[in-house]
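S.K.: Any chance you could fold what I've pasted below:
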Amino acid sequence: MDGLLNNLQSTIKNRLKITNNIVRLTKDFVLALLIKMRYTTSNPVMTQNFWSNIQGQNTMTLQGTIGKLAYLLGVVTVVALCAAYVALDALEAGNAGIISGMTWGGLFGGIVVAVILMIMRPDNPAILMTIYAVMQGLFVGSLSLVFETFYSGIIIQAAFGTLFITGSMLFIYSSRVIRPTPTFNKVIGSMVFAIMMLYLVSIMFYFFTPFQVPYLHSSGPIGIGITGFILCIAALSLISDFGFIESGVKMNAPKNAEWWGAFGVLVTIIWIYIEMVRLLSKLRD
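M.R.: Numbering: from 1, shown residues only. Predicted coordinates for the structure are as follows:
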């Protein structure tokens, strides 16, 4: 009788172990599925399979992400101020080539670094992201000086406008007025991709043909409306970026995901600033 009871107890324990293993595996599968569903953003530097390609031991925090964003924004700001100073000297000396070199070099250099980041997914992206911030600082600083030359005070207005939009989107996100649902992210992501393709075609036209994309750079009502619409899409992209960061923190994403969250917000903020400058310049014409 005792042997029978012992066998019964052993059988029950083994089945409980099997059941627990099944439950654990099920939870792991569900968690992985949730990560794949929730870590979707409209930002072009982050794709749906983003999280499967980064690794780490420590976990992502909101404070760490904010710190890295502040660092990248600081690099962009310092380099932009230096670039504006150099561009001003070049403008006074009549050397437009330096300004053009910094503007286009910063733009294309930033694009190349961003593409490398998307393809390589380095475990430590800090160096490449710092280089991207430097490239964007050159682009933003030289371009801002050019616009400021033609439209006095426009840079201060654009900077405050960018801060206002960023703060407003953060408030809207925190209030849950707009939620970064998968459908929302897909729609905004599709619009962002279409806009990027439009700008790419516009740049190709600028360098290789005498034509321009109709209304994209014009100052009439249609041109102003197009830029205003693009600015709205850029602002809504911040909702996706904030959702990406919050989801990463909740799901205990790897520590280096803080860099990717900060990088995504940085890309969007720079985009918003450029569109603000373009919109204000069109309104002044």
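S.K.: In this structure, where is pLDDT below threshold?
M.R.: Applying pLDDT under 70 to the chain picks out residues 1-57.
S.K.: Please, where are all the strands along it?
M.R.: Counting by DSSP state E, the chain forms no strands at all.
S.K.: now the helices for the stretch 1-150 of the chain?
M.R.: Along the stretch 1-150 of the chain, the stretches classed as helices by DSSP state H, counting those that start in this stretch are 2-38, 62-92, 96-120, 126-150.
S.K.: in the last one, what's buried?
M.R.: Spelled out, it's helix 126-150. Within helix 126-150, the residues scored as buried using 16 or more other Cβ atoms under 10 Å are 128-129, 131-148. From N, CA and C alone the C-beta is placed, and that goes for glycine too.
S.K.: okay, the angle between it and helix 96-120?
M.R.: Angle, helix 126-150 to helix 96-120, by axes from the mean of the first three to the mean of the last three Cα atoms, to 10 degrees: 150 degrees.
S.K.: Contacts for stretch 88-95 next, please.
M.R.: By Cβ atoms under 8 Å, 6 or more residues apart in numbering, the residues outside stretch 88-95 that reach it are 96-99, 145, 149.
S.K.: can you tell me how far Phe164 sits from Tyr85?
M.R.: Noted for Phe164: a distance of 27 Å to Tyr85, by Cβ to Cβ, to the nearest Å.
S.K.: ugh, wrong one, I meant Asn256
M.R.: Taken as Cβ to Cβ, the span from Asn256 to Tyr85 is 34 Å.
S.K.: Next: Phe242.
M.R.: Going from Phe242 to Tyr85 by Cβ to Cβ gives 34 Å.
S.K.: higher neighbour count, these two?
M.R.: Neighbours were counted for Phe242 and for Tyr85 using other Cβ atoms under 10 Å; Phe242 has more, 22 against 12.
S.K.: Skipping adjacent residues, who's closest to that one in space?
M.R.: Tyr173 (4.5 Å; Cβ to Cβ, 6 or more residues apart in numbering).
S.K.: Tell me how many other residues surround Lys186.
M.R.: Look at Lys186: counted by other Cβ under 10 Å, it has 14 neighbours.
S.K.: same deal with Arg121?
M.R.: Residues near Arg121, counting by other Cβ under 10 Å: 17.
S.K.: Okay, the closest residue to Pro122 other than its chain neighbours and Trp259: tell me how far apart.
M.R.: Nearest residue to Pro122, sequence neighbours excluded (Cβ to Cβ, 6+ apart): Leu128, at 6.5 Å. Leu128 is 9 Å from Trp259, where distance means Cβ to Cβ.
S.K.: any chance you could map the helices in the stretch 151-285 of the chain?
M.R.: Taking DSSP H, counting those that start in this stretch as the test, the helices found in the stretch 151-285 of the chain are 154-174, 182-208, 221-250, 257-284.
S.K.: Check these for me and report the most buried one.
M.R.: Ranked by mean neighbour count, these are led by helix 257-284 with a mean of 23 (mean count of other Cβ atoms under 10 Å).
S.K.: and that helix with helix 126-150, angle?
M.R.: Using the same axes, to 10 degrees: helix 257-284 against helix 126-150 is 10 degrees.
S.K.: Between helix 182-208 and helix 257-284, find me the angle.
M.R.: Put simply, helix 257-284 runs at 60 degrees to helix 182-208, going by the same axes, to 10 degrees.
S.K.: Show me how far helix 257-284 is from its chain's centre.
M.R.: Put simply, helix 257-284 sits 9 Å off its chain's centre (Cα atoms, centre = their mean, to the nearest Å).
S.K.: Same check on stretch 86-97?
M.R.: Remark: stretch 86-97 is offset 32 Å from the chain centroid, using Cα atoms, centre = their mean.
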